[in-house]
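Visitor: Kindly generate the corresponding structure for this input.
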Amino acid sequence: MKASGVLDHDLTDSAITEADHDLSSTDLLPLLATGLRRWTPVLIHSHNPGKATNMHRFLETAGMEVTVNRLASLTKAIFEDWLLEVRAS
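Guide: Reported below is the predicted structural model:
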């Protein structure tokens, strides 16, 4: 099975340690851009459209395949369609 990634920008609600409250997925982008293979598809879902756009631009510039879908409009059907595309490619 092909690897893929699903990212949300705002991670403060998922903090495990106090230091995590200051982190977001933006902090992970350099690691993802250098640690994942270029063909790894990434789905960015976020309520924060500006940050999602910046994340999209960063990863696409690094040569990655990126899809952006606002969390509010990411239905189960849309997500399942994205997974089918990932598996087919």
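
Visitor: Endpoints of stretch 66-86, how far apart?
Guide: End-to-end distance for stretch 66-86, by CA to CA, to the nearest Å: 11 Å.

Visitor: no wait, stretch 33-50
Guide: End-to-end distance (CA to CA), stretch 33-50: 19 Å.

Visitor: Quick one: distance of that stretch to the chain centre.
Guide: 3 Å (CA atoms, centre = their mean, to the nearest Å).

Visitor: Just the buried residues of it, please?
Guide: 36, 40, 41, 42, 43, 44, 45, 46, 48 (16 or more other CB atoms under 10 Å). Using the backbone N, CA and C atoms, a C-beta is placed for each residue, glycine as well.

Visitor: On the three-state scheme, the fifth one is what?
Guide: With DSSP: H, G, I helix; E, B strand; the rest coil as the basis, residue 43 sits in strand.

Visitor: In contact with residue 18, which residues?
Guide: Not one residue lies near residue 18 by CB atoms under 8 Å, 6 or more residues apart in numbering.

Visitor: Let me know the outermost residue of the chain.
Guide: residue 18 (23.0 Å; CA atoms, centre = their mean).

Visitor: Quick check: the gap between it and residue 28.
Guide: 18 Å (CB to CB, to the nearest Å).

Visitor: Test my guess that residue 46 contacts residue 72.
Guide: No - look at residue 46 against residue 72 with CB atoms under 8 Å: they stay out of range, at 9.7 Å.

Visitor: Can you show me the strands along the chain?
Guide: In the chain, the segments counted as strands under DSSP state E are 5-7, 42-44, 66-68.

Visitor: Reformat those strands into CSV and put mean pLDDT and distance to residue 86 next to each item.
Guide: Converted to CSV, the strands of the chain look like this (pLDDT from 0 to 100; distance: least, CB to CB, whole Å):
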stretch, mean pLDDT, distance to residue 86
strand 5-7, 71, 10
strand 42-44, 87, 8
strand 66-68, 90, 9
